[in-house]
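Trainee: No sequence on hand, only this structure:
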């Protein structure tokens with residue numbers, strides 16, 4: 001009698017256990033069914049950028065290129081000083097895989113030339129935004145901050161040339177020079193006053209032959225009574241890396257204006273070399 005009472009109880013217990021196992025199996029089935037969805041979400045996540053590291057900036061520019069951009073190096077007679085000038089100075093950074101750069105500063109008898117090369121690898125911490133998209137957004141912000149002028153029409157340039165043209169005007173001075181004090185103070189023809197007559201191909205502008213996107217800026221400034229300083233900036237983006245080149249020249253003689261076309265050509269050649277090196 002006791003045994004008969006006991007067996008049904010065991011059967012009930014086994015039934016409960018089996019029901020629990022079945023529920024666990026159903027739950028497991030639900031989990032398995034959710035895996036494909038999770039995998040789909042993961043596969044839809046934004047991909048990382050092409051670049052995981054950055055070049056060593058002070059070694060990214062060849063000696064021949066430095067000779068061209070910084071002619072004062074060739075005037076250095078002390079071999080140790082020349083080697084130090086070639087080496088440049090690394091910019092301060094806390095993560096060289098994310099951002100680094102190098103500066104060169106060389107004086108010559110005619111001018112002081114400065115060069116900055118900056119690399120930045122953009123990483124998105126939003127899984128729905130790719131590194132490339134994040135870099136593109138950052139580059140757009142910097143391009144907007146550069147405040148590039150709208151392309152001048154050929155007729156507008158012709159009008160300016162007819163009003164301010166002079167046999168002694170330097171055609172290579174960019175439109176940025178038109179803001180120089182001497183251009184508005186004297187009201188007469190001078191290299192800086194006629195700079196507004198520059199052709200459109202040396203104006204600050206977008207570049208369509210460099211990286212995924214690029215722009216060039218050209219600014220002429222003066223510091224009190226000292227010679228005017230020109231700064232040519234070339235910035236470009238390749239995938240998730242943004243490269244910025246800032247090339248400055250300040251003549252030793254007051255009244256001498258750095259040549260815009262020459263400086264832009266040198267900066268663009270360096271930019272093309274860096275873009276090719278990144279593509280390798």
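Mentor: Arrived safely, thanks for sending. Computed from a predicted model, the values in this text were never measured in an experiment.
Trainee: ok, and what's touching stretch 263-271?
Mentor: Residues external to stretch 263-271 that are found in contact with it (C-beta atoms under 8 Å, 6 or more residues apart in numbering): 61, 65, 68-69, 117, 174, 202, 207, 210, 214, 216, 218, 230, 232-234, 236, 243, 245, 247, 249. Heads up, the C-betas are built off the backbone N, CA and C, glycines and all.
Trainee: Return the set of buried residues in it.
Mentor: For stretch 263-271, burial by neighbour count (16 or more other C-beta atoms under 10 Å) applies to 263-264, 266-268, 270-271.
Trainee: Looking at these, which is nearest residue 143?
Mentor: Comparing the buried residues of stretch 263-271 against residue 143 with C-beta to C-beta picks out residue 271 as the nearest, at 14.8 Å.
Trainee: quick one: that closest one is in a helix?
Mentor: Yes: assessed with DSSP: H, G, I helix; E, B strand; the rest coil, residue 271 lies in a helix.
Trainee: Excluding residues flanking it in the chain, which one is nearest it?
Mentor: residue 234 (4.5 Å; C-beta to C-beta, 6 or more residues apart in numbering).
Trainee: so residue 109 touches residue 71, yeah?
Mentor: No: taking contacts as C-beta atoms under 8 Å, residue 109 lies outside contact range of residue 71: 9.4 Å.
Trainee: more crowded one of the two?
Mentor: For the pair residue 109 and residue 71, the greater number of neighbours falls to residue 71 (16 against 8), based on other C-beta atoms under 10 Å.
Trainee: tell me the contacts of that one?
Mentor: 106, 108, 110, 113.
Trainee: now swap in residue 146 and tell me
Mentor: 204, 215, 217, 233, 235.
Trainee: Let me know the average pLDDT across the host helix or strand of the last one.
Mentor: Spelled out, that is residue 235. Element membership for residue 235 (DSSP states H and E) is strand 229-238. For strand 229-238, the mean pLDDT works out to 97.
Trainee: tell me what that strand is packed against?
Mentor: Counting contacts by 3 or more C-beta pairs under 8 Å, 6 or more residues apart in numbering; DSSP states H and E, strand 229-238 packs against helix 131-146, strand 213-221, strand 241-251, helix 260-279.
Trainee: what's the angle between the third one and strand 213-221?
Mentor: What it means is strand 241-251. Going by axes from the mean of the first three to the mean of the last three C-alpha atoms, to 10 degrees, strand 241-251 is angled at 20 degrees with respect to strand 213-221.
Trainee: quick one: strands adjacent to strand 241-251?
Mentor: With DSSP bridges as the test, strand 241-251 is paired with strand 111-121 (antiparallel), strand 229-238 (antiparallel).
Trainee: Columns mean neighbour count and distance to residue 276 on top of the ones you listed, output as TSV?
Mentor: Formatted as TSV, those follow (neighbours: other C-beta atoms under 10 Å; distance: least, C-beta to C-beta, whole Å):
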stretch	mean neighbour count	distance to residue 276
strand 111-121	21	14
strand 229-238	23	10
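Trainee: Need those in TSV (columns: distance to residue 277).
Mentor: Output for the strands paired with strand 241-251, formatted as TSV (distance: least, C-beta to C-beta, whole Å):
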stretch	distance to residue 277
strand 111-121	11
strand 229-238	10
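Trainee: for the ones you listed, which one sits closest to residue 141?
Mentor: strand 229-238 (11.4 Å).
Trainee: Okay, angle between that closest one and helix 131-146 too, please.
Mentor: Using the same axes, to 10 degrees: strand 229-238 against helix 131-146 is 160 degrees.
Trainee: buried residues in stretch 84-102?
Mentor: Buried, per 16+ other C-beta under 10 Å, within stretch 84-102: 85-86, 88, 91, 93, 99-102.
Trainee: Counting only strands, which of those residues make the cut?
Mentor: 99-102 (DSSP state E).
Trainee: nearest to residue 126, of the residues you listed?
Mentor: residue 99 (19.3 Å).
Trainee: ok, now which ones touch the residue lying closest to the closest one once chain neighbours are set aside?
Mentor: Of all residues not flanking residue 99 in the chain, residue 120 sits nearest, at 4.8 Å (C-beta to C-beta, 6+ apart). Going by C-beta under 8 Å, 6+ apart, residue 120 touches 54, 98-99, 241-244.
Trainee: which residues of the stretch 1-150 of the chain score low on pLDDT?
Mentor: Along the stretch 1-150 of the chain, segments meeting pLDDT under 70 span 1-44.
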